[in-house]
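> predicted model and sequence below, questions to follow.
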Amino acid sequence: MHPDDPSAQKLTDARPTTLSDDAASTERTIGRHRVPEPPRRALLRSTPVRVALATGVTCCLSLVAVATARGNDDTPRTVEPLAEALADRAAIADERASRSLDRDAAPARILPSPTAKPTPTPTAVRKAPKKPVKPRRPRPVAGLDQAQMDNAKIIVDVGVEMKMPRRALVVALSTAMQESNLYNLASDVLPESAEYPNQGSGSDHDSVGLFQQRPSSGWGTVAQLMRPSYAARAFYSALNEIPGWQDMSVTGAAQAVQISAYPDAYAQHEDRATTVAAALTV
């Protein structure tokens, strides 16, 4: 066709008068030169690719968790691998979602019996305190009663404590037998003496006790002389102050201490006093 042909000119004039400045864009829109889009989504949809990506992510996260746990030695390593944690959570989710009728029934609560009583706790058994053992009272001899024998024992025990010889015990017992008949006597002249334990009373001046010793003569106070043990100690102390009393008769030794108006009265008690002293010093 000739270029001067009117039909040819019309066809040429029908084309667009302007072209795009972007050559690449022109090529994408023209025939076989169109550039195809990259197959991105098709690649991601591939199952092997997805498995490979998931495995790689899991391994990376596990390495990060282990590195974090090992990096801090001062704190407890509580970070567990991600894969194990995911598996545990999946197992818990499956268990919670189960609606099977084969599940074990919850254990029944065992309630205490209403009649059961708690066993009392055994308490330590306290032993009762032992009662003090009373000294055995001596058996009376030589015609004495129990009160007289008890007083005789006090006289003998004090003499033994003071390491006095047997003859001094006989002298003291003979003196007490003559003065008070081995009874602890108060005095009618001293009303105060009746305030203390006694076994009767006498009226020989202000004489009191087993040996009828007088407070006015310096033997001691009324309270002291009314104690049989004090009275016996006072007698032995006075006897020790007499020179050669060991060589004297029982009557002479007793009179040297007592200075009695009846000096020969003590001799009658020597045999009984010897028997009592022997019974109490065995």
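Perfect, thanks for sending it.

> for Ala279, what are its contacts?
Ala279 is in contact with Pro138, Arg139, Val141, Ala142, counting by Cβ atoms under 8 Å, 6 or more residues apart in numbering. (Glycine included, C-beta is placed from N, CA and C.)

> most neighbours, which of these?
Ala142 (18 neighbours; other Cβ atoms under 10 Å).

> tell me which stretches of this protein form strands.
186-187, 201-202 (DSSP state E).

> and the first one, what does it pack onto?
I take that to be strand 186-187. Here strand 186-187 touches strand 201-202, going by 3 or more Cβ pairs under 8 Å, 6 or more residues apart in numbering; DSSP states H and E.

> try the last one
Applying 3+ Cβ pairs under 8 Å, 6+ apart, we find strand 201-202 packed against strand 186-187.

> now render the contacts of Ala279 as CSV, adding distance to Leu185.
Listed next are these as CSV, based on distance: Cβ to Cβ, whole Å:
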residue, distance to Leu185
Pro138, 21
Arg139, 24
Val141, 22
Ala142, 20
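
> and the closest residue in space to Ala267 that isn't next to it in sequence, how far from Thr221?
Nearest in space to Ala267, with sequence neighbours left out and distances taken as Cβ to Cβ, 6 or more residues apart in numbering, is Thr251 at 4.2 Å. Thr251 sits 29 Å away from Thr221, going by Cβ to Cβ, to the nearest Å.

> more neighbours: these two, which one.
Neighbours were counted for Thr251 and for Thr221 using other Cβ under 10 Å; Thr251 has more, 21 against 10.

> can you check the pLDDT for the more buried one?
pLDDT recorded at Thr251 is 94.

> touching, it and Ala273? I think so.
No. With contact defined as Cβ atoms under 8 Å, Thr251 does not count as touching Ala273 (11.5 Å).

> give me the common contacts of these two.
Ser174.

> picking that back up, tell me who's in contact with the residue nearest to Ala267.
Ser174, Pro263, Asp264, Tyr266, Ala267, Glu270.

> nearest to Arg126 among those residues?
Ser174 (52.0 Å; Cβ to Cβ).

> contacts only, for that closest one.
Ser174 sits in contact with Val250, Thr251, Ala254, Tyr266, Ala267, His269, Glu270, Ala273, where contact means Cβ under 8 Å, 6+ apart.

> measure the third one to Val133 for me?
Just to be clear, that refers to Ala254. 36 Å.

> pLDDT weak spots in this structure?
The chain contains residues with pLDDT under 70 at 1-125.

> any idea where the helices of it begin and end?
6-14, 23-28, 40-44, 47-71, 82-97, 146-161, 166-180, 222-225, 228-240, 250-258, 270-280 (DSSP state H).

> can you put the contacts of Thr251 in JSON lines and add distance to Gly159?
JSON lines is the format used below for the contacts of Thr251 (distance: Cβ to Cβ, whole Å):
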{"residue": "Ser174", "distance to Gly159": "13"}
{"residue": "Pro263", "distance to Gly159": "22"}
{"residue": "Asp264", "distance to Gly159": "24"}
{"residue": "Tyr266", "distance to Gly159": "16"}
{"residue": "Ala267", "distance to Gly159": "20"}
{"residue": "Glu270", "distance to Gly159": "16"}
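
> need the max-distance pair from the contacts of Ser174.
Thr251 and Ala273 (11.5 Å).

> enumerate every residue touching the residue nearest to Thr275 when sequence neighbours are not counted.
What sits nearest to Thr275 in space, not counting adjacent residues and going by Cβ to Cβ, 6+ apart, is Ala142, at 4.5 Å. Ala142 sits next to Arg272, Thr275, Val276, Ala279 when contact means Cβ under 8 Å, 6+ apart.
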